[in-house]
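> here is a sequence with its predicted model. Questions after.
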Amino acid sequence: MANVRPFRALYYNPRKVRHLENVFVPPYDVISEEERKQFFKKSPYNFARIILGKTAKDGYETVRKHFQAWQAQKILIEDPKEHFYFWEQKFSCHLTRVTRARRTRGHWISRKGIVAAVALDDFYSGKIRPHEKTLEAPKADRLEILKVCQANLSPVFMMYEDPHLTLEKEILENCQKPLMVMRDSNGVWNKIWKIEKGSLSHRIQEVLASKNLYIIDGHHRFATALRYQKEGSPSQKNNSQKFILSVITNMSDPALVIYPIYRALPKLSHFKKESYLKSLEKFFHVKKKKNFVSLKRGQWGIFFHRDPYFYELTCKNKASVLSHLKGSRVVKELDVALLQNVIIPQNTLPQLEYIKGGERALKMVLKNLHRGKYEVVWLVCAPTVQQVKCVADHKEIMPPKSTFFYPKLLSGPLIRRLAAF
């Protein structure tokens, strides 16, 4: 079903840029203004100068000049041949979860993905399936970046289903010396190999041709590419604009981790804890506990400022709760949907801050709660990979801030220029 192709990757010249940790960055949408300034100081060739390089004086022209100059100076070089690539990210997992791989808290695991050019047209036939709503402002910004650079600068993250992990096993048997190795600021080891065996490239196309692909991160990048393809004049269009740089992982990979996203309400003088807890009793059992206990699915947690207790919520009658909600059942049944639409007071939604999860994030948000930054913190379990797939299969959209796939794919390791195949 999915049309995937090898491509000629543009990447940093190892003879001119030896310390990749100084140039690779996270995706543009998770970089704060302070982090952007820090990245700029790390290197004159830091990739933030491309994905977040717009200036007040020259706008996107500054981005174009940097990107063209780096290619002219051979800071960025292009592979002479088309290839698929294989990307491994090795990281320490901060979730307690048992899978077929018997993963435990703090254990190092490796997530793997095939880097390819994926046909945009597969979206219209339903072979590429999203689960997230996109916003106009980010798409407009990314469109201008795409126009001036004429390149896919950051990959879209996708998944497909194969419980036997067939391709991954075959590729790993042929991986030898990596093209690049680096450890990012979160301690994640990144290794990328070039797949040079022709028969293996054909095998990748053959296997993925029978699969649907699911966008799990990078919805705005994908939507921007669709718009660019549609809006371009016929004389400007070429075949490469019909594809987008993607990393495709197997949803059966035990290292495909989704962290929860917590909700925090900044201090509000009018928030009444006791009346709020009383209102929850209509639909939920509310247990007051001295110690925090890890949540299971179908449970939610609440911490309050100046309250040493942890409040655990479970549904009294889930069917009754769901009957009060609108929309598709596959969405309504998500723990994050009940949190967003039932548990959290609707008048507070505009003020919420979203904290992307894991144990470290939880410790930090609770520290800020005790310091008085927040009034309330709500905890929820992350959706499962199968739930994400189910929502996408039903052509539905998950609530805002539902998923945080960790680790993020870096921007900068592999770039795809929009040149004809």
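Yep, it's here.

> please name every helix or strand in contact with the helix or strand hosting Q387.
If you go by DSSP states H and E, Q387 is part of helix 385-393. Contacts defined by 3 or more CB pairs under 8 Å, 6 or more residues apart in numbering; DSSP states H and E place helix 385-393 against strand 213-217, helix 329-332. All C-beta spots, glycine's among them, are computed from the backbone N, C-alpha and C.

> tell me how far S110 lies from I216.
17 Å (CB to CB, to the nearest Å).

> neighbour-wise, which of these two wins?
I216 (24 against 14; other CB atoms under 10 Å).

> quick check: the gap between the more buried one and N186.
On the measure of CB to CB, I216 and N186 end up 18 Å apart.

> check Q229 too.
Q229 sits 33 Å away from N186, going by CB to CB.

> got it, and K267?
From K267 across to N186, the span is 30 Å (CB to CB).

> what does L334 give?
Distance, L334 to N186, by CB to CB: 27 Å.

> how about P26?
For P26, the distance to N186 equals 8 Å [CB to CB].

> those two: who's more crowded?
Taking other CB under 10 Å, P26 and N186 do not tie; P26 has more neighbours (22 against 13).

> does the more buried one touch S411 like I think?
Yes - counting by CB atoms under 8 Å, P26 touches S411, with 6.8 Å between them.

> from the helices and strands packed on helix 385-393, which stretch is densest packed?
Comparing the helices and strands packed on helix 385-393 by mean neighbour count (mean count of other CB atoms under 10 Å), strand 213-217 ranks first with a mean of 24.

> that one to helix 385-393, inter-axis angle?
Relative orientation of strand 213-217 versus helix 385-393 (axes from the mean of the first three to the mean of the last three CA atoms, to 10 degrees): 110 degrees.

> I'd like to know which elements whichever helix or strand comes after strand 213-217 is packed against.
Heading C-terminal from strand 213-217, the first helix or strand you meet, by DSSP H and E, is helix 219-231. When contacts are defined as 3+ CB pairs under 8 Å, 6+ apart, helix 219-231 packs onto helix 136-149, strand 243-250.

> what's the angle between the last one and helix 385-393?
For strand 243-250 and helix 385-393, the angle between their directions (the same axes, to 10 degrees) works out to 140 degrees.

> partner strands of strand 243-250, with direction?
Each strand paired with strand 243-250, and its direction, by DSSP bridges: strand 108-119 (antiparallel), strand 156-160 (parallel).

> which of these sits closest to I51?
Closest approach to I51 among these (CB to CB): strand 156-160, 14.0 Å.

> check the offset of that closest one from the chain's centre.
Put simply, strand 156-160 sits 9 Å off its chain's centre (CA atoms, centre = their mean, to the nearest Å).
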